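1. From the sequence below, what's the structure:
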Amino acid sequence: MTSFYSTWPFSPPNPTLGQDDLHVWVAAQDRPQAQQDQFWSYLAEDERARANRFYFAHDRAHYIVARGLLRLLLGRYLHILPTEVAFVYGDHGKPDLVPAQAKAGVRFNISHSHGVALLAFAREREVGVDIEQVRPLDDGEQIAERFFSKSEVAVFTAVPAAQKPQAFFNCWTRKEAFIKVIGEGLSCPLDSFDVTLKPGEPAELLQVKGSQEAAARWKLENLNPATGFAGAVIAEGREWQLRTWQWP
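-> Next comes the predicted model:
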């Protein structure tokens, strides 16, 4: 079972997703069997087929919980049943709501790591979210050299050794969130844009392909979703307000 502790508050019963709101939920994916069964009942046939393809039981359970919770929360925002939520998929596999449901303007993104899931929701703006468990990496320097930009590598190299795991995953989650929000998958090189990464420094998208103007289209926020985890969320525009909750 995942040890899970978050300082995020529990949500009100039915939070309203306003035009300038961005909601991020954190949830443990290890759940009692009764909850797993409830989430399973929400899934469509293609999702159940995908769940059954997982080799390990815990991976299957984690997928069911994350997907079921996504349907539950989308259903609340859309005022429909979880089973009525319907998805279409982009060229890189990113899910979106079917056109009839997408008219409501709700956008979403989901990420999970080591039994903890993050789910982000916005209205009329694209959103990307990422979570990673912070841990020492023997090959962290090599991964940074390969995937981070030159300026990010320079900053990362100067970070004290004790802060390197946090700095690495600050950078990684912020980059992954941006890749997800633009929907280009791995076709967008990770070294083609810069983010801040120093522990304690505000999260910021500094430039995209050399352009500060392109970066200014987006607002990036650091997330501390649970003890031992790093997270980031990014969305279009600068005026939105972040609200974070944990799923009980």
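
2. Mind splitting the chain into its structural domains?
-> 21-130+238-246, 134-236 (automatic domain parsing).

3. Take those domains and lay them out in TSV including mean pLDDT.
-> Compiled in TSV, those are given as follows (pLDDT from 0 to 100):
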stretch	mean pLDDT
domain 21-130+238-246	96
domain 134-236	93
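
4. Please enumerate the strands of this structure.
-> For the chain, the strands defined by DSSP state E occupy 21-28, 87-89, 95-97, 106-113, 116-123, 127-133, 193-195, 205-208, 218-223, 229-236, 241-246.

5. Report the buried residues of the longest helix along the chain.
-> If you go by DSSP state H, the chain has its longest helix at helix 57-78. Residues 60-78 are the ones in helix 57-78 that count as buried (16 or more other Cβ atoms under 10 Å). Placement of C-beta: from N, CA and C, glycine included.

6. can you check stretch 193-211 too?
-> Neighbour counts using 16+ other Cβ under 10 Å place Phe193, Asp194, Val195, Thr196, Leu197, Pro199, Ala203, Glu204, Leu205, Gln207, Val208 of stretch 193-211 among the buried residues.

7. which residues touch the nearest residue to the third one once chain neighbours are set aside?
-> Right, the one you point to is Val195. Closest residue to Val195 apart from its sequence neighbours, by Cβ to Cβ, 6 or more residues apart in numbering: Arg174 at 4.1 Å. Contact analysis of Arg174 by Cβ atoms under 8 Å, 6 or more residues apart in numbering lists Asp130, Val195, Thr196, Leu197, Ala203, Leu205, Leu220, Asn222, Ala232, Ile234.

8. can you rerun that using 10 Å?
-> If you count contacts by Cβ atoms under 10 Å, 6 or more residues apart in numbering, Arg174 has them with 128, 130, 152, 193-197, 203-205, 220-223, 230-234.

9. Perfect, I'm done here.
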